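In: below are the sequence and a predicted model; questions follow.
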Amino acid sequence: MKEKISECLKFLESKNYSPVTIRNVSYVLSDFVQKAESFTPEGLEKYLNEKAKSLSKNTIITQFNILRAFLERMEGFKKSDFEGIKWRKSKRLPVFLTEKEAMALLRKSKMNPVHYAMISFLLNTGVRVSELINIRIEDIDKREDGSAIVRIKGKGDKERFVPISKKMYALLEKTVIRNRQTGYLFTRQKGDKTSRISRQWVYNIVSYYGRVANIKKKVTPHVLRHTFATMLLEKNIMSIPQIQKVLGHSNIQTTMIYATVTLSSISKAIERLSDLTFDGTLVGKET
């Protein structure tokens, strides 16, 4: 089984999964191999039921998905073999910033030009943090009109192209590209050395400015991704299929979640109904 775990991890590496993801998968697989009674759907269910005594439901669901995929790939089981294990992920609406909160975040981040450029980039592209840290200068193609196209390497080694505006490219050119021809788009200084940014560094920077801007929500890079999608839909700038393409969602149902949180048009309809009720058109009449 150790050889099979090693094979599985090498497969994830070949698909460009992040080191953090690979490390987490390695831990889950190793623990399962050591503690499971059998490497079968029944053994998996017993193992998860025991783990559920000390772990949250969402953590168990994550482990179930990892271990099911492992047993399917390495032991030859089919997806239907696991139908009796009823772990279901609870659905939560995405957390996003209001326009006022997003503007406050940007204003505070102007204290540091590089941080401002990075947060602006997240809000203007909706890229994942794992994608952001891997963008290189040569992944950006400038257009004649001053805008640009960025090649994004997404989940499972899937590539997509994301447009950026003239203003966004001008900001990148001024703050992080400058005279550099190669290397990662966003870097950080450690003394005299320049190094690649990490996922944790991005999380720390974004959450720091969220606190400085006095935003009550927990602000993370993924919240900025949700904000990007929600604003596009709420302002009628893009359709659901267009947002799906930009975000790199393989299933449009994933993108459809944003349709449930864009309430501006619904709020206007409620206001119109309220006008009808309170001016006596719909109330005050006996039937």
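Out: Good, I have the coordinates. Numbers count the residues shown, from 1 in each chain.

In: what about the host helix or strand of Ala104, distance to the chain center?
Out: Taking DSSP states H and E as the definition, Ala104 sits inside helix 99-109. Distance of helix 99-109 from the chain centroid (Cα atoms, centre = their mean, to the nearest Å) equals 20 Å.

In: also stretch 36-44?
Out: Taking the mean of its C-alpha atoms, stretch 36-44 sits 32 Å from the chain's own mean (Cα atoms, centre = their mean).

In: output that stretch as PDB - backbone C-alpha positions only.
Out: Taking Å, rounded to 0.1, in the frame of the first residue of the first chain, the C-alpha atoms of stretch 36-44 are listed here in PDB:
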ATOM      1  CA  ALA A  36      -8.300   0.700   8.600                       C
ATOM      2  CA  GLU A  37      -9.500  -2.800   9.100                       C
ATOM      3  CA  SER A  38      -9.700  -3.400   5.300                       C
ATOM      4  CA  PHE A  39      -9.100  -1.400   2.200                       C
ATOM      5  CA  THR A  40     -12.700  -1.800   1.100                       C
ATOM      6  CA  PRO A  41     -15.800   0.500   1.100                       C
ATOM      7  CA  GLU A  42     -16.900  -1.300   4.300                       C
ATOM      8  CA  GLY A  43     -13.400  -0.700   5.900                       C
ATOM      9  CA  LEU A  44     -13.600   2.900   4.800                       C
END
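
In: assumed Phe161 was part of a strand.
Out: Yes: judged by DSSP: H, G, I helix; E, B strand; the rest coil, Phe161 forms part of a strand.

In: hey, where'd the strands end up in the stretch 101-250 of the chain?
Out: Taking DSSP state E, counting those that start in this stretch, the strands of the stretch 101-250 of the chain run over residues 140-142, 148-153, 159-164, 187-190, 193-196.

In: of all the ones you listed, which one is nearest Leu93?
Out: strand 159-164 (24.3 Å; Cβ to Cβ). Glycine gets a C-beta too; all of them are placed from N, C-alpha and C.

In: what's next to the helix holding Ala104, contact-wise?
Out: Contact partners of helix 99-109, identified using Cβ atoms under 8 Å, 6 or more residues apart in numbering, comprise 97, 115-116, 119-120, 123, 209-210, 212-215, 217, 219, 227, 231.

In: which of the residues you listed sit farthest apart?
Out: Largest separation among these by Cβ to Cβ: Val212 and Met231, giving 21.5 Å.

In: residue ranges in this structure under the pLDDT threshold?
Out: The model of the chain has pLDDT under 70 over residues 86-91, 260-277, 279-287.
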